[in-house]
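Novice: when you get a sec, could you give me coordinates for this:
(chains A, B, C and D)
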Protein chains: 4
Amino acid sequence: MSEGNDTPTTAELDEIWERTKNWTRWGSDDERGALNFLSDAHRAEAAATVRSGRSVSLGNDITTQPTPETPSPAHHHMLASGDALGASGVPGYEATQDYVGTAVHGLGITHIDALCHMFVRGEMYGGRPASMVRSTGALANTIMSAANGIVGRGVLLDIPAARGVDYLEPAESVTIDDLLAAEDRQGVTVTEGDLLAISTGRDARKAAIGGRLDPFGGGLAGLHPTTLTWLHERCIALLGSDGISDHMPFRSIPEWPFPIHQIGITGIGLHLIDNLRLDDLAAACAQERRWAFLLAVTPMRVPGGTGSPVNPIAVF
Amino acid sequence: MSEGNDTPTTAELDEIWERTKNWTRWGSDDERGALNFLSDAHRAEAAATVRSGRSVSLGNDITTQPTPETPSPAHHHMLASGDALGASGVPGYEATQDYVGTAVHGLGITHIDALCHMFVRGEMYGGRPASMVRSTGALANTIMSAANGIVGRGVLLDIPAARGVDYLEPAESVTIDDLLAAEDRQGVTVTEGDLLAISTGRDARKAAIGGRLDPFGGGLAGLHPTTLTWLHERCIALLGSDGISDHMPFRSIPEWPFPIHQIGITGIGLHLIDNLRLDDLAAACAQERRWAFLLAVTPMRVPGGTGSPVNPIAVF
Amino acid sequence: MSEGNDTPTTAELDEIWERTKNWTRWGSDDERGALNFLSDAHRAEAAATVRSGRSVSLGNDITTQPTPETPSPAHHHMLASGDALGASGVPGYEATQDYVGTAVHGLGITHIDALCHMFVRGEMYGGRPASMVRSTGALANTIMSAANGIVGRGVLLDIPAARGVDYLEPAESVTIDDLLAAEDRQGVTVTEGDLLAISTGRDARKAAIGGRLDPFGGGLAGLHPTTLTWLHERCIALLGSDGISDHMPFRSIPEWPFPIHQIGITGIGLHLIDNLRLDDLAAACAQERRWAFLLAVTPMRVPGGTGSPVNPIAVF
Amino acid sequence: MSEGNDTPTTAELDEIWERTKNWTRWGSDDERGALNFLSDAHRAEAAATVRSGRSVSLGNDITTQPTPETPSPAHHHMLASGDALGASGVPGYEATQDYVGTAVHGLGITHIDALCHMFVRGEMYGGRPASMVRSTGALANTIMSAANGIVGRGVLLDIPAARGVDYLEPAESVTIDDLLAAEDRQGVTVTEGDLLAISTGRDARKAAIGGRLDPFGGGLAGLHPTTLTWLHERCIALLGSDGISDHMPFRSIPEWPFPIHQIGITGIGLHLIDNLRLDDLAAACAQERRWAFLLAVTPMRVPGGTGSPVNPIAVF
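Specialist: Predicted coordinates:
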């Protein structure tokens, strides 16, 4: 097996795919995947760790202006502003209204990927065919699997801090050694049912380069494909990153251009959260001297949906 | 002062308005209103009460079909379904995408109202003029005041249960006596910083009348305007209901057609959550024998927004 | 063959389908269907008939409020109104902007159906498979076939006038005899390349019943399926109606619930225009004493589109 | 008065503004502005000039991908593609549907500006205040003024051809001399009621620079402000350009950054069409040896709208 930043071969990824596949782990009808690792008991334990009550958002602001990060930004349309406060015609009733809409995926918006977002060779998690994701909505593996929310123990692994740098460069991969080093430095161990957030320092890098980051042109740091085995072994329930967990642009491994999404979502059954905002969280962790916290992720209940914008909230 | 279901006069509402107005309570720059009652300490206390770890959603599914409850439903548009899995042209990259958009307000979608959603006589919370809510977005009192989430102690008051009925009829008002009776029956007391959810049995009524409920035509039960003084005294941080807290159709009080929204949002500074799904929560409360729980409300971070769809999650 | 208002059998429709199918008429690559009947020469002849220069719209207003006719109405969102005229920050530049969006099809909006809008047994016009209409857009038979506009001789056949009534009842079918009677009464003959508009008196009926017409509940008059042979023989280039040409609700012919759309679009290759506004046009025709005119239909150039909202304009 | 490419002063523009203002020309209630120049008689004359019947579109394709020309592109969302052809559940009914939406204005989409799109010093055409353009739609000067379509004599003035070049550079202005030279070369005279299209060679320039044109960064050629007097004198009914008639970026005249839009729309009462596609039209004109033709512009009937996407069609 290749190590470090070496690019694995297709055969190596095929092997990881087969080894980490959880399609039968929770029964043939299962649509929740690794969320099954997050039990009520884990959730209760996570709540019991709350001390200061400080809360921090892991979400980026919804952007409505095109930027290199959000070439297809959200829409925020006022349906009635203060200039139309009397529009209802009911004396005394003065109100405003708006509309918000967004493409769920992309490299800017903080969003969760449902298990119907990715396929491998025409199949999604559980071996269900791509044809079950219809133009009128998905028939299985939808975001409704997380309709009751994902609340549990969140853990942040701050890779730049573990390396002693401000941020990773786009070409740099997060390796298993990085993950272990971060655990060691922070005094935390990722365990079954955890909601894992991995920082590559995207926010710091964005600030350092003047605020305009172009992930399509300039790339984003990501996890080395070999970390999939570690993610699988640790039995995490959810994976998020300030990037998209995968490298951008995708690594040039034939058939596996996007291995964390392909194997993580489709094989392991991991819901992914892309484009987390982690600088405030990292600062809070450092101040609170804890890298584990209660984390609440509450997707929109979109029947047939391939994901949802989210604003994850950490409580210390 | 009128009592019970009597309709108050405009003068009585004027008096409640003046008496409960919190515009100077947290300083002239404040945009958070009653969310100021929810401190980190309250949040920590709420987390400490978690026992079983059971989690329950208080959100309705996003509806995309026009119904009497959602005459202007959300849009869920697949941008790429399984029939286009190879659209990227990158061999092996097989993905689906979608778009979700919605009017934030209305009588169907579970949503939170920001403090810029309502005005009284041309002014919003803090005395800011309606002209600060522009067609390009609000300049103050936006949903960004809740951008770090609203996590705290949730309390459910089950009014039909306290009355020994399945649900309230639309013409029935929830009075202060009802609130006190529910507290008494449930053995819970609403205190400062609480996130209060009030059930009128909308879900049970909807089921009883065959699943099609028309709140525009048939009305919704709501809080009697005199409860505003109680809500103010109890210093709750957030108010939600399975209706819209106010009666639908609005009571015919001149200048105060919609008093809970008008005085609650604009005067007291209460963010409201409309159209909560409370039947599952009530069942869980009964089973867990507790009517208080940890509640996580995580609005979308929409700069300039008048509110957000939400999927509040309770943890027992 | 059945006549009058009798409902044909499946076998009879099968026979009409085979007899009127134009799939090989203009070559195997053709995507324009009956638009091929509209030549430059026809267009020039049509222009030469203009006398008074009077122009009349055949389009309904875009509706943004839910009505029984438009349960999923269009969106018209102001992006900047007068309250934000200085938003650009450029001194002197004062502008407003808006957004308009709509579902293309339905029973309210005036729109044209492209040849990829309908299939018969999984195939669209030309025998192309349904799988060519992808979630990312259609690959053939799109509205781009009409990207250069449809300008030619329009003819109105006013069926209620020919029958001496104000409007047809929803259960009434337009028969070949009706079409011939209207031609005779009006002194006009439908010929090759014509853009045919058929009035059933929808606007008059809507006015007569108080302005609220529910085509989903109460139905719409339509063409009897046997008229397909007449439409085919006359070699019209385009068919429109103040209804949807077909009956609503659909006739209960097994496999052929919607024969004008199914056979007209898929077999004959007719672009259809649904929900024309024809009362003003009929009044103008009566005043001008002509039922033929120059007609301009200019669809939006939507690559991959299944149709387009249109505002057809007649010039006398 | 400045000539040629010299930039006029604010005082000079103030003078043009006053001199060309048509606010009282058609009565104080008028909302049609220069469309009043287009009479039924003009329309009939225009139709009478049709010879070959050839039709050409002046519209660009609706773009759904972000480009430098369309940073906020349109949405084309399939609501049901071939993978959902049986979604209705009615045996035999097999259909597809889509949604199209777009911001009306910008530098890419071919669209018409209504008279409520621009203000000068807080007033729009007719002296109506900006406050009449509400977040819920405009109350006056809307695109409904053109609801019956704009059909008349179109004239193309091909400025690059008159100069003997392929295209104008962004910094170059179209002057009155250019317009006169184009008339002279083409043997056509712009007269009252004409729908005037002015080519600066944008399409040729776009092709020459490799297909990616960035009008925000690289600019667009436009009309010199002094041409406003000529446009006013000629009594045209409509003005369009392959750019936006004005220069991009705007000229740096204090208070008049955008004079063709400001004075043309607000003072003269000209509906403008921006981003016409004129290369095919110019080629057709050259082949047909005529620069006048019948032109049909059919805006969507959007009550309250500030404009509409259009696909203008020329018939020779």
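Novice: may I see the buried residues of the worst-scoring helix or strand of chain A on mean pLDDT?
Specialist: Using mean pLDDT, DSSP states H and E, the weakest-scoring helix or strand in chain A turns out to be helix A:215-218, at a mean of 91. Buried residues in helix A:215-218, counting neighbours by 16 or more other C-beta atoms under 10 Å in any protein chain shown, are found at A:P215. (Each C-beta comes from the backbone N, C-alpha and C, glycine too.)
Novice: can you name the next helix or strand after that helix?
Specialist: The C-terminal neighbour of helix A:215-218 among helices and strands, as given by DSSP states H and E, is strand A:222-223.
Novice: wait, does that following strand make contact with chain B?
Specialist: No. Using C-beta under 8 Å from any C-beta of the partner chain, strand A:222-223 stays clear of chain B, with a minimum separation of 14.4 Å.
Novice: report the central residue of chain A.
Specialist: Chain A has A:I273 as the residue nearest its centroid, 1.2 Å off, counting by C-alpha atoms, centre = their mean.
Novice: now for the nearest residue to A:L168 once chain neighbours are set aside, how many residues are close by?
Specialist: Spatial nearest neighbour of A:L168, chain neighbours left out: A:A221 (3.9 Å); criterion: C-beta to C-beta, 6 or more residues apart in numbering or on different chains. By other C-beta atoms under 10 Å in any protein chain shown, the residues close to A:A221 number 25.
Novice: so what does A:A221 look like in phi/psi?
Specialist: When read as degrees, to the nearest 10, the backbone of A:A221 gives phi -60, psi 150.
Novice: measure it to chain B for me?
Specialist: Relative to chain B, A:A221 is positioned 19 Å away (C-beta to the nearest C-beta, to the nearest Å).
Novice: again, but for A:E94
Specialist: 4 Å.
Novice: in chain A, where's the longest strand?
Specialist: strand A:150-158 (DSSP state E).
Novice: now do the strand or helix carrying A:M78: everything it contacts.
Specialist: Using DSSP H and E, A:M78 sits in strand A:75-80. Contact with strand A:75-80 is made by A:62, A:64, A:87, A:95-102, B:101, B:103, B:133-137, B:302-306, C:75, C:77-79, C:99, D:135-136, as judged by C-beta atoms under 8 Å, 6 or more residues apart in numbering or on different chains.
Novice: drop anything exposed from the residues you listed.
Specialist: If you count burial by 16+ other C-beta under 10 Å, the buried members of these come out as A:62, A:64, A:87, A:95-102, B:101, B:103, B:133-137, B:302, B:304-306, C:75, C:77-79, C:99, D:135-136.
Novice: in strands, which of the residues you listed fall?
Specialist: Taking DSSP E, the ones among the buried ones among the contacts of strand A:75-80 that sit in strands are A:95, A:97-102, B:101, B:103, B:133-134, B:137, C:75, C:77-79, C:99.
Novice: so what's the residue nearest to A:L168 up against?
Specialist: Shown in contact with A:A221 (C-beta under 8 Å, 6+ apart): A:167-174, A:200-202, A:243, A:247.
Novice: what about 7 Å?
Specialist: Neighbour list for A:A221: A:L168, A:E169, A:P170, A:E172, A:V174, A:T200, A:G243 [criterion: C-beta atoms under 7 Å, 6 or more residues apart in numbering or on different chains].
Novice: can you list the residues you listed in CSV and add neighbour count, pLDDT and secondary structure?
Specialist: Below are those laid out as CSV (neighbours: other C-beta atoms under 10 Å in any protein chain shown; pLDDT from 0 to 100; DSSP: H, G, I helix; E, B strand; the rest coil):
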residue, neighbour count, pLDDT, secondary structure
A:L168, 24, 98, coil
A:E169, 12, 96, coil
A:P170, 20, 95, coil
A:E172, 21, 95, coil
A:V174, 27, 98, strand
A:T200, 27, 98, coil
A:G243, 28, 98, coil
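Novice: most proximal residue of the stretch 151-300 of chain A with respect to chain D?
Specialist: Closest to chain D within the stretch 151-300 of chain A is A:F216: 10.5 Å, counting by C-beta to the nearest C-beta.
Novice: from A:G108, how far out is that residue?
Specialist: Remark: distance between A:F216 and A:G108 (C-beta to C-beta, to the nearest Å) = 10 Å.
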